[in-house]
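> Please find the sequence and the predicted model below.
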Amino acid sequence: MRTLRSVLALLLFAAFVLPAWGAEPVTIRVGKLLDGKGGAMSDVTIVVEGSRIVGIEKTPRENPTWDLRHLTLMPGGIDTHVHIGWHFGRNGKLYDEEEKGVQKETPADTILYAADNGVETVRSGITTVQSLGAPEDAALRDAIARGILPGPRILTSLEPIADPSLTPEKIREAVRRRAEEGADVIKIFASKSIRDGGAPTLTQEQLDAACGEAKAHHLRAAVHAHGVESVRRAVLAGCTVIEHGVLLDAATLRFIAEHGTWFDPQTDLVFRNYFENKQHFVGIGNFTDEGFAQMRRAVPLALNMFKEALKTPGLKIVFGTDAVAGAHGRNFEELIYRVEKGGQDPMDAIVSATSRAAESLGLQDKIGAVASGLEADLIAVEGDPTQDINALRHVAGVMKGGKVVKNEVRCR
């Protein structure tokens, strides 16, 4: 396990020592460009000034700042569901401040662990995340935005709304409080965890209050919901996006699509990471043997649901992993699974993790595509992920907002 001292060293190294792709303005000649909207071009030059893309030249330059003709360039990935602060504490267990007498951390320790997760995430090619969420997310979000730490652009819900005993008015008060605290999105639990069976927890009136108040404050509402009833209630309440949906049927998926609600399913990484790291989770909260058995039963259900979702006309599927402790920096493994096991078209999978994800966050005018005027969030990968999605395992370079945060490009 990386110590906090080595975490700090990594942050400083990533922020100040890594070689850049060049001084501004930067020209990057690439062999293949995936624009994030489903289009592709060959042998083009991207021009970057400051934090933005200012041009895409179809006539290639002979003396670019960087010649990456042996690589594929695409927009940085956008993961719409992570928990950036989740980590294993000093005793190797999932850190949970409510576990009395087990382990304690200082606020500085906690933010350094979260910062380490941010470094791992951005260097893997994910340049924007939505963290759903914890109060501590705000400090990391703001530090990265100020440029003092490397990491992905972060949107956060801060503390989620999860207490089913709250009245509709109390829920509205909670939403207003999150808005005042600077939340970018409102996270609402409308069902139990899949480890507890996924049953509904909020009434229609409670969800109407939560999502209605969020909309009144111009905030999106992301709803944790696994089953038919909780999802239907959230959709009818006008909530923005359904998270998870493991127990959904074809009719409910059509219902989501008909109402224009976004859908963010998780099919693999969240489960696999829990199984691989069971010893670090078990004994904390609902991470029990029965909880793990419930998750194992959910794996084929999630895959079958995803296959049905792909067949649903008009369903707006985005990319989200629910990355927790142990999964940060492995985000693209979820996308690979969706293609290889779920049958998603590789280009559509890439779009779901770039321009479509940006649109779901309301950031389509800022990120998610390689286009003039957008932020220069770019990743260079070895191979062509539209031909072999496993190319996303080989991210050689990462630029976020015009600044290089990873450079392992091998010149040829």
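Yes, it's here. Numbering: from 1, shown residues only.

> okay, CA-based contacts and neighbour counts for the rest of this
OK.

> tell me which residues in the helix or strand hosting residue 207 are buried?
According to DSSP states H and E, residue 207 maps onto helix 204-216. Residues of helix 204-216 classed as buried by neighbour count (16 or more other C-alpha atoms under 10 Å): 204, 206-215.

> Equivalent analysis for stretch 190-199, please.
Quick answer for stretch 190-199 (16+ other C-alpha under 10 Å): 190-195, 197-199.

> returning to that earlier point: now, among the buried residues of helix 204-216, which is nearest to residue 160?
residue 210 (11.2 Å; C-alpha to C-alpha).

> OK, contacts around the closest one?
Residue 210 makes contacts with 168, 171-172, 175, 188, 221, as judged by C-alpha atoms under 8 Å, 6 or more residues apart in numbering.

> neighbour-wise, which of the residues you listed leads?
residue 175 (30 neighbours; other C-alpha atoms under 10 Å).

> Need the pLDDT of it.
Predicted confidence (pLDDT) for residue 175: 98.

> Adding distance to residue 279, pLDDT and secondary structure, write the buried residues of stretch 190-199 out as JSON lines.
Below are the buried residues of stretch 190-199 laid out as JSON lines (distance: C-alpha to C-alpha, whole Å; pLDDT from 0 to 100; DSSP: H, G, I helix; E, B strand; the rest coil):
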{"residue": "190", "distance to residue 279": "28", "pLDDT": "98", "secondary structure": "coil"}
{"residue": "191", "distance to residue 279": "26", "pLDDT": "98", "secondary structure": "strand"}
{"residue": "192", "distance to residue 279": "23", "pLDDT": "97", "secondary structure": "coil"}
{"residue": "193", "distance to residue 279": "19", "pLDDT": "97", "secondary structure": "coil"}
{"residue": "194", "distance to residue 279": "19", "pLDDT": "97", "secondary structure": "helix"}
{"residue": "195", "distance to residue 279": "16", "pLDDT": "97", "secondary structure": "helix"}
{"residue": "197", "distance to residue 279": "22", "pLDDT": "96", "secondary structure": "coil"}
{"residue": "198", "distance to residue 279": "23", "pLDDT": "97", "secondary structure": "coil"}
{"residue": "199", "distance to residue 279": "26", "pLDDT": "98", "secondary structure": "coil"}
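
> Tabulate the residues you listed in CSV, adding columns for distance to residue 41.
Formatted as CSV, the buried residues of stretch 190-199 follow (distance: C-alpha to C-alpha, whole Å):
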residue, distance to residue 41
190, 43
191, 44
192, 45
193, 43
194, 42
195, 45
197, 47
198, 44
199, 47
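
> So residue 174: helix, strand or coil?
Under DSSP: H, G, I helix; E, B strand; the rest coil, residue 174 falls in the helix class.

> ok so, going back, and the buried residues of stretch 190-199, which two are furthest apart?
Taking C-alpha to C-alpha, the two most distant members of those are 190 and 195; they sit 14.5 Å apart.

> Number of residues surrounding the residue lying closest to residue 217 once chain neighbours are set aside?
Leaving out its chain neighbours, the residue that sits closest to residue 217 by C-alpha to C-alpha, 6 or more residues apart in numbering is residue 179, at 7.1 Å. Counted with other C-alpha under 10 Å, the neighbours of residue 179 add up to 20.

> same deal with the one 4 residues further on?
The tally of other residues near residue 183 (other C-alpha under 10 Å) stands at 23.

> And it, how close does it get to residue 282?
31 Å (C-alpha to C-alpha, to the nearest Å).

> Same check on residue 132?
In terms of C-alpha to C-alpha, residue 132 sits 22 Å off from residue 282.

> Who has more neighbours out of these two?
Neighbours around residue 132 and residue 282, counted as other C-alpha under 10 Å, are more numerous at residue 132. The numbers are 27 against 17.

> from memory that one sits against residue 86, does it?
No. Taking C-alpha atoms under 8 Å as the definition, residue 132 is not a contact partner of residue 86, at 10.8 Å.

> circling back to that earlier point, need the contacts of residue 210 in JSON lines with distance to residue 316, can you?
Below are these laid out as JSON lines (distance: C-alpha to C-alpha, whole Å):
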{"residue": "168", "distance to residue 316": "29"}
{"residue": "171", "distance to residue 316": "28"}
{"residue": "172", "distance to residue 316": "28"}
{"residue": "175", "distance to residue 316": "25"}
{"residue": "188", "distance to residue 316": "20"}
{"residue": "221", "distance to residue 316": "16"}
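
> of all the residues you listed, which two lie farthest apart?
So, the contacts of residue 210 by C-alpha to C-alpha: farthest apart are 168 and 221, at 15.4 Å.

> hmm, back to that, return the backbone torsion pair for the residue nearest to residue 217.
Backbone torsions of residue 179, given as degrees, to the nearest 10, read phi -60, psi -40.

> How about residue 69?
phi -70, psi -20.

> Packing partners of the helix or strand hosting residue 186?
Taking DSSP H and E as the definition, one finds residue 186 inside strand 185-189. Packing partners of strand 185-189 (3 or more C-alpha pairs under 8 Å, 6 or more residues apart in numbering; DSSP states H and E): strand 220-225.

> roughly how far out does the strand it packs on sit from the chain middle?
14 Å (C-alpha atoms, centre = their mean, to the nearest Å).

> going forward can the numbers begin at 612, since that is how I track them
OK, 612 is where the count begins now, so the last one is strand 831-836.

> Now it: average pLDDT?
98.

> just checking, what packs against that strand?
With contacts defined as 3+ C-alpha pairs under 8 Å, 6+ apart, strand 831-836 has these neighbours: strand 796-800, helix 815-827, strand 852-855.

> Can I get these in CSV including mean pLDDT?
As requested, the helices and strands packed on strand 831-836 are exported to CSV (pLDDT from 0 to 100):
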stretch, mean pLDDT
strand 796-800, 98
helix 815-827, 98
strand 852-855, 98
